[in-house]
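J.: Quick one, what's the 3D model for this:
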Amino acid sequence: MRAKSLNTRMKKFALISLLFLIGSSLYGDFKIMGGLNLSNYSGDENTIWSYKMGLQGGFGIEIDMTYRTLFEVDLLFFQKGSRTGPSIREERHVLNTMSVPVLLRSKLFHGTSPYVVGGVEFAGIISNIMYQKEEEPVDLEGTLKRLDIGVVFGAGFEMELKEQLFLFIEVRSHLGQKNLLVLPNEGLVRKTTAFVLLIGIRS
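T.: Here you go, the predicted model:
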C-alpha cells in the first residue's frame, strides 16, 4: 500500500509540474534534453560508495529576466544512486527520482554563447532498488526519505541553429543537502551527488 501511495503522489507531482511547464512555455522558451550522469552517495557512513552511471531526460522552460539572464524550471526523470565495490558482492543502488531544478542562467552574449547556471533542486524519490549479481533485485523502500533537496551549478554552451532555435550542451553538479536516511543510527549521514552531462534543443 505504501508503494502504491508513493507512486500515486509522484504521478500527481509529475503531472502538476508538467502542466506548469506547458503553461509557462506560453511565456518563455521550451526545451527538451537528455544525457548521462555519474552519481554517488556521500556523507558519514561505514559503507564505501563508488560512482555509478545513470540516465536523465525531460523538459524545461526558460523565461527572460534581463537581456542575458533567464529563469529556468526543468522536469527530469533522473537516475541517481551509487554502488559498492569493487568486491565479490558488488551492489548497485538505483535511486529513480523525479527532479525539478529551479535555476538562473546567465549568458555572456546574445545568440550563440557560453553560459553559467545555478540554483536548487527538488527531487521526489520514485523507487530505490538494490541490484546484485545473480540475485533478484531488492526493493529498499522505506530506508530513504521521499524528498531530496540540493544545490545545482554548472556551465554550458548554446549554438543558434536558426532564429529562436538553439542546440546546447551543458554540465552540472547536483549536490544533495539533505540526509536521506530515515533512521540515521549513530549519526550516520547519506547525501546524493551527481555530475551531469545534458544535450538538448531549445526553441
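
J.: alpha carbons only for contacts and neighbour counts from here, please
T.: OK.

J.: Neighbours of the residue nearest to Phe109 when sequence neighbours are not counted, how many?
T.: Nearest residue to Phe109, sequence neighbours excluded (CA to CA, 6 or more residues apart in numbering): Arg68, at 7.0 Å. Residues near Arg68, counting by other CA atoms under 10 Å, number 14.

J.: same question, Gly119
T.: With other CA under 10 Å as criterion, Gly119 counts 18.

J.: So in this structure, which strand runs the longest?
T.: The residue-count maximum for a strand in the chain (DSSP state E) belongs to strand 113-132.

J.: how about it: buried residues?
T.: By 16 or more other CA atoms under 10 Å, the buried positions in strand 113-132 come out as 114-128, 130-131.

J.: avg pLDDT for that strand?
T.: Across strand 113-132, pLDDT averages out at 95.

J.: Let's test this: mean pLDDT of the helix or strand just after it, rounded?
T.: Counting by DSSP states H and E, the next helix or strand C-terminal to strand 113-132 is strand 138-139. Average pLDDT, strand 138-139: 94.

J.: Pull up the pairing partners for strand 138-139, direction included.
T.: Strand 138-139 pairs in its sheet with strand 113-132 (antiparallel), by DSSP bridges.

J.: could you dump the partner strand to CSV, C-alpha only?
T.: Provided in CSV are the C-alpha atoms of strand 113-132 (Å, rounded to 0.1, in the frame of the first residue of the first chain):
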residue,chain,number,x,y,z
SER,A,113,27.1,32.0,-26.3
PRO,A,114,28.7,30.2,-23.3
TYR,A,115,26.7,30.5,-20.1
VAL,A,116,26.7,29.6,-16.4
VAL,A,117,23.8,28.1,-14.4
GLY,A,118,22.9,27.7,-10.7
GLY,A,119,20.0,27.1,-8.4
VAL,A,120,18.3,24.5,-6.3
GLU,A,121,16.8,21.0,-7.0
PHE,A,122,13.8,19.3,-5.5
ALA,A,123,13.7,15.6,-6.2
GLY,A,124,10.9,13.2,-5.3
ILE,A,125,12.1,9.6,-4.9
ILE,A,126,10.1,7.1,-7.1
SER,A,127,12.0,4.0,-6.2
ASN,A,128,15.1,2.7,-4.5
ILE,A,129,16.3,-0.7,-5.8
MET,A,130,19.4,-2.7,-5.0
TYR,A,131,20.9,-5.0,-7.7
GLN,A,132,23.4,-7.8,-7.0
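
J.: What count of nearby residues applies to Gln164?
T.: Number of residues near Gln164 (other CA under 10 Å) recorded here: 10.

J.: what's the neighbour count on the residue lying closest to it once chain neighbours are set aside?
T.: Ranked by CA to CA, 6+ apart and with sequence neighbours excluded, the top spatial neighbour of Gln164 is Ser203, at 5.4 Å. Number of residues near Ser203 (other CA under 10 Å) recorded here: 17.

J.: measure Ser203 to Asp29 for me?
T.: Distance, Ser203 to Asp29, using CA to CA, to the nearest Å: 6 Å.

J.: Leu167 now?
T.: With the distance defined as CA to CA, Leu167 ends up 13 Å from Asp29.

J.: Show the model's pLDDT score for Glu135.
T.: Per-residue confidence (pLDDT) for Glu135: 87.

J.: Thanks a lot, catch you later.
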